[in-house]
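Participant: the following comprises the amino acid sequence and a computationally predicted model.
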Amino acid sequence: MKLLVRNLSRSTTEQDIRKLFSEHGKVTECTLVLDQETGHSKGFAFVEMPDQDQAKAAITSLNMTSLAKSKIRVKKAH
DNA sequence: GTTGAGCGT
């Protein structure tokens, strides 16, 4: 199950996402979308979780949780 | 140098 994480802080790395989602389940893939030129974060990332139950648990638990200065938003990807 | 709704090299 692919998850979309948006409204991330610019300084947030994929290790942060990985660690954050690992608290609620297995994370097989974590991809932070970076800018090709600057290499800075675009502010959103993708997370792959094998178990759908843990994925939904991670969504409901991590959605709208405060990260850095803003609240992150997690939902199922396309 | 920032922002902020999005569905990705």
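Facilitator: On my side now, so go ahead.

Participant: from now on I want contacts and neighbour counts done on CA atoms only, so please keep to that.
Facilitator: Noted.

Participant: quick check: buried residues in stretch A:69-78?
Facilitator: A:71-75 (16 or more other C-alpha atoms under 10 Å).

Participant: each with direction, which strands does the longest strand seen in chain A pair with?
Facilitator: Ordering each strand of chain A by length in residues (DSSP state E) puts strand A:41-48 first. Using DSSP bridges, the strands paired with strand A:41-48 are strand A:2-6 (antiparallel), strand A:29-34 (antiparallel).

Participant: and it with DNA strand B, contact?
Facilitator: Yes. Applying C-alpha under 7 Å from any atom of the strand, one finds strand A:41-48 touching DNA strand B at A:42-44, A:46.

Participant: would you list the residues you listed in CSV and tack on pLDDT?
Facilitator: Formatted as CSV, the residues of strand A:41-48 next to DNA strand B follow (pLDDT from 0 to 100):
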residue, pLDDT
A:42, 94
A:43, 93
A:44, 94
A:46, 96
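
Participant: hmm, back to that, list just the nearest of the buried residues of stretch A:69-78 to DNA strand B.
Facilitator: The nearest member of the buried residues of stretch A:69-78 to DNA strand B, counting by C-alpha to the nearest atom of the strand, is residue A:75 at 5.9 Å.

Participant: can you pull the contacts of the closest one?
Facilitator: A:3-5, A:59, A:63 (C-alpha atoms under 8 Å, 6 or more residues apart in numbering).

Participant: what strand or helix carries it?
Facilitator: strand A:73-76 (DSSP states H and E).

Participant: paired strands for that strand, with orientation please.
Facilitator: By DSSP bridges, strand A:73-76 pairs with strand A:2-6 (antiparallel).

Participant: contacts for the strand it pairs with next, please.
Facilitator: So strand A:2-6 is in contact with A:43-49, A:55, A:72-78, going by C-alpha under 8 Å, 6+ apart.
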